[in-house]
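1. sequence first, predicted coordinates after that:
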Amino acid sequence: NLSGCRLINTVNLAAVSPHLKHINLYGCMGVGQACVNRLLVSAASSLETITLDGCNNIGRLSFRTPLLTSLILKGCRTLHDLELRQCSSLTSLDLRNCSSLSPVRIDGDCNVDQVQVQGKVEWRLVDVQQQ
C-alpha cells in the first residue's frame, strides 16, 4: 500500500511482484504509465485488486489478469485507452471521473453482466486474435 505517496514516480517490486495480490497507488500522482505497465506484466498472474485512483500520468492501460476482481481507476483523468483481456474474475470497476476514456475494449472472457460499474462506461468487444 503506497497510498498517498505523492512524490513517488517509480515503483520497483520485482522481487515480490509475482506474488503480489493487491496494489494501492491511490494519490501517487507521479507514478507513470511505464511503471504501472511493468507492475501489471510482472504480477499479472497473481493480482486481485488494483487501485490507481488519482494517478494522472497514465494514458493507456492493458490488463491480462485472470484473478483480478476489483479495478479502481477513479479520477484518472488522462486515461484514454483501457483494455481488459482474460479478466474473467472482474466484478468491480470504478471509472468515475475518467473523462478522457474511450470505449473500454474487452474480450470474450470478461462477463460485463457480472461487473458492478461505477461511472459511465461503454464496452467494445475485441477479437481474441488481435494483439
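-> Nice, I can see it.
2. now the strands for the chain?
-> 22-24, 49-51, 60-64, 70-72, 81-85, 92-94, 104-106, 116-118, 123-125 (DSSP state E).
3. okay, the ones you listed in a markdown table with distance to Val41 next?
-> Where you see a C-beta, it was placed from the backbone N, CA and C, and this is true even at glycine. Below are these laid out as a markdown table (distance: least, C-beta to C-beta, whole Å):
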| stretch | distance to Val41 |
| --- | --- |
| strand 22-24 | 13 |
| strand 49-51 | 13 |
| strand 60-64 | 9 |
| strand 70-72 | 16 |
| strand 81-85 | 13 |
| strand 92-94 | 20 |
| strand 104-106 | 18 |
| strand 116-118 | 25 |
| strand 123-125 | 23 |
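4. for Leu40, find the nearest of those strands.
-> Leu40 lies closest, by C-beta to C-beta, to one member of the strands of the chain: strand 60-64, at 6.4 Å.
5. partner strands of that closest one, with direction?
-> Strand 60-64 sits in its sheet next to strand 81-85 (parallel), going by DSSP bridges.
6. now do the buried residues in the strand it pairs with.
-> Within strand 81-85, the residues scored as buried using 16 or more other C-beta atoms under 10 Å are 82-85.
7. returning to what we had before: any chance of the strands of the chain in JSON lines, plus mean pLDDT and distance to Leu39?
-> Output for those, formatted as JSON lines (pLDDT from 0 to 100; distance: least, C-beta to C-beta, whole Å):
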{"stretch": "strand 22-24", "mean pLDDT": "84", "distance to Leu39": "6"}
{"stretch": "strand 49-51", "mean pLDDT": "91", "distance to Leu39": "9"}
{"stretch": "strand 60-64", "mean pLDDT": "88", "distance to Leu39": "11"}
{"stretch": "strand 70-72", "mean pLDDT": "92", "distance to Leu39": "13"}
{"stretch": "strand 81-85", "mean pLDDT": "90", "distance to Leu39": "16"}
{"stretch": "strand 92-94", "mean pLDDT": "91", "distance to Leu39": "18"}
{"stretch": "strand 104-106", "mean pLDDT": "88", "distance to Leu39": "20"}
{"stretch": "strand 116-118", "mean pLDDT": "85", "distance to Leu39": "23"}
{"stretch": "strand 123-125", "mean pLDDT": "84", "distance to Leu39": "25"}
